[in-house]
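**Q** what follows is a protein structure lacking sequence information:
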Ligand code: KIV
């Protein structure tokens, strides 16, 4: 089944999806083949993530990638997925120094690569940059929770919102980003319950990567979804190839003349397996199947008890979706 909305998403449809509680499914991409196949499969949005520094360009961390390199990656994504909403991830060093720098580099992303929006890591401390980019007429997404570019100064790659302080900080950051004019927020690495609190209290769409299934949509790194990267995979990331491999084998087995099938249909290789896998991911996000508790960070009872003490915790929200099983 293809869930793709008929036309490329825009701000109005993105807002409407939140209002109507239609989960949005997106992935990262850094190149033409994955972007092409993601659009064909019906993906809602693509992030040209600075994770491409590691999984595509082979750097040790995301911090090495430059604005020029990100633009080259984004150009190939744009060519591969001309009809998909594409977000350019501002690399470290391209926006922190001044509002002016942030606007200049956001403009470069949009003008040189044709991105539809940009994403910046950081909450309140980045609010003035989000506002400046927004004032320049460019859509800006905020990114809070675990923020890899500055993880070093926040004690490393840690799951967020497991303590009252961390939850209140992230909720305040989300309100600051909304106030600054962010069109959406991405939450990274936190249990479903606090992420759900943020998504419910904030009016703009709040998406998650490793943030459970109570948010307004899901992001996965393409190289995790397709099993293209073997150095590291966060355990909330699901590889969808095993789920579709029988389906692919069936398509192949139906053909007596594989050479002819390959030449005529070109559905005999990695492109088609990738399409099936991305379709499966989209289907599971839209149906609320992914992520279930096996692909979500756990919140222990004593941790939940602490969060419930917060004045900022809305106790009228209910969490039936958390218990979804495969
Ligand atoms: O660069 C990226 O892919 C990201 C995700 C990890 C959220 O920013």
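**A** That came through fine. Keep in mind that this is a model prediction, so the values were computed, not measured.
**Q** quick one: contacts for the closest residue to residue 299 other than its chain neighbours?
**A** Excluding its sequence neighbours, the residue lying closest to residue 299 (CB to CB, 6 or more residues apart in numbering) is residue 191, at 3.8 Å. The C-beta positions use only the backbone N, C-alpha and C, and glycine is treated the same way. Going by CB atoms under 8 Å, 6 or more residues apart in numbering, residue 191 touches 159, 161-162, 211-212, 296-299, 303.
**Q** likewise for residue 216?
**A** Contacts of residue 216 by CB under 8 Å, 6+ apart are 17-18, 21, 23-24, 199, 205-207.
**Q** which ones, among the contacts of residue 191, also lie beside the ligand?
**A** Contacts with the ligand are made by none of the contacts of residue 191, judged by CB under 6 Å from any ligand atom.
**Q** neighbour-wise, which one of these leads?
**A** Counting neighbours by other CB atoms under 10 Å, the top entry in the contacts of residue 191 is residue 211, with 32 neighbours.
**Q** that one reaches residue 197, doesn't it?
**A** No. Between residue 211 and residue 197 there is no contact under CB atoms under 8 Å: 11.2 Å.
**Q** pick out the residue in this protein sitting closest to the ligand.
**A** The nearest approach of the chain to the ligand comes at residue 49, 2.3 Å away (CB to the nearest ligand atom).
**Q** A strand includes residue 294, no?
**A** No. Applying DSSP: H, G, I helix; E, B strand; the rest coil, one finds residue 294 to be helix, outside a strand.
**Q** how much space between it and residue 238?
**A** 9 Å (CB to CB, to the nearest Å).
**Q** between the two, which one's more packed in?
**A** Ranked by neighbour count (other CB under 10 Å), residue 294 and residue 238 place residue 238 first, with 21 against 12.
**Q** spatially, what comes nearest to the more buried one if we skip its sequence neighbours?
**A** Nearest one to residue 238, counting by CB to CB, 6+ apart, is residue 295 at 5.4 Å.
**Q** ok, that neighbour - contacts?
**A** 235-238.
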